[in-house]
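Student: I'd like to go over a predicted model; first the sequence, then the structure.
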Amino acid sequence: MSHMAPNADSNCRLCGSRVSESDLRRQLCPVCDEYAQHVALQSNKGLDRIVGELQNGAVFRAALRNGH
């Protein structure tokens, strides 16, 4: 029986927390996924574009220091 090494892509793209296999499609934890979807809908921008903007946003990075 072989054991697979942990996948480096099994962390959330925004906060870095572990992402379950069922959430790997977007590589976002449920909290960040819901937030990114909300922001995307409010701004009328695509989800991938919003995730990129959130990753580089000072406000989001500051919020991560305090947890979700």
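Tutor: Received, thanks. These figures come from a predicted structure and were not determined experimentally. Residues are numbered from 1 along each chain as shown.
Student: What ranges does the chain have for its strands?
Tutor: In the chain, no strands are defined using DSSP state E.
Student: Poorly predicted segments of it, please.
Tutor: Along the chain, segments meeting pLDDT under 70 span 1-9, 59, 66-68.
Student: rerun at 50
Tutor: 1-5 (pLDDT under 50).
Student: State the distance from the spatially most central residue of the chain to Q37.
Tutor: Central residue of the chain (Cα atoms, centre = their mean): L28, 3.1 Å from the mean position. Distance of L28 to Q37, given as Cβ to Cβ, to the nearest Å: 9 Å. C-beta here means a position set from N, CA and C on the backbone, and glycine is covered the same way.
Student: repeat for R26
Tutor: Applying Cβ to Cβ to R26 and Q37 gives a distance of 9 Å.
Student: Could you list every helix and strand in contact with the longest helix belonging to the chain?
Tutor: As assigned by DSSP state H, the longest helix anywhere in the chain is helix 30-43. Secondary-structure packing of helix 30-43 (3 or more Cβ pairs under 8 Å, 6 or more residues apart in numbering; DSSP states H and E): helix 47-56.
Student: Return the set of buried residues in the helix it packs on.
Tutor: For helix 47-56, burial by neighbour count (16 or more other Cβ atoms under 10 Å) applies to 50-51, 54.
Student: between those residues, which is nearest R18?
Tutor: Checking these against R18 by Cβ to Cβ gives V51 as the nearest, at 17.5 Å.
Student: what residues are shared contacts of R26 and Q37?
Tutor: Contact criterion Cβ atoms under 8 Å, 6 or more residues apart in numbering; residues shared by R26 and Q37: L47.
Student: Could you list the buried residues of stretch 56-65?
Tutor: Buried, per 16+ other Cβ under 10 Å, within stretch 56-65: F60.
Student: Ok, stretch 17-33 next?
Tutor: Result for stretch 17-33 [16+ other Cβ under 10 Å]: buried residues 19, 23, 26-29, 32-33.
Student: list residues touching both of L28 and Q37?
Tutor: Counting by Cβ under 8 Å, 6+ apart, nothing touches both L28 and Q37.
Student: so the residue nearest to the centre of the chain touches G16, yeah?
Tutor: No. Checked against Cβ atoms under 8 Å, the pair L28 and G16 is beyond contact range at 11.0 Å.
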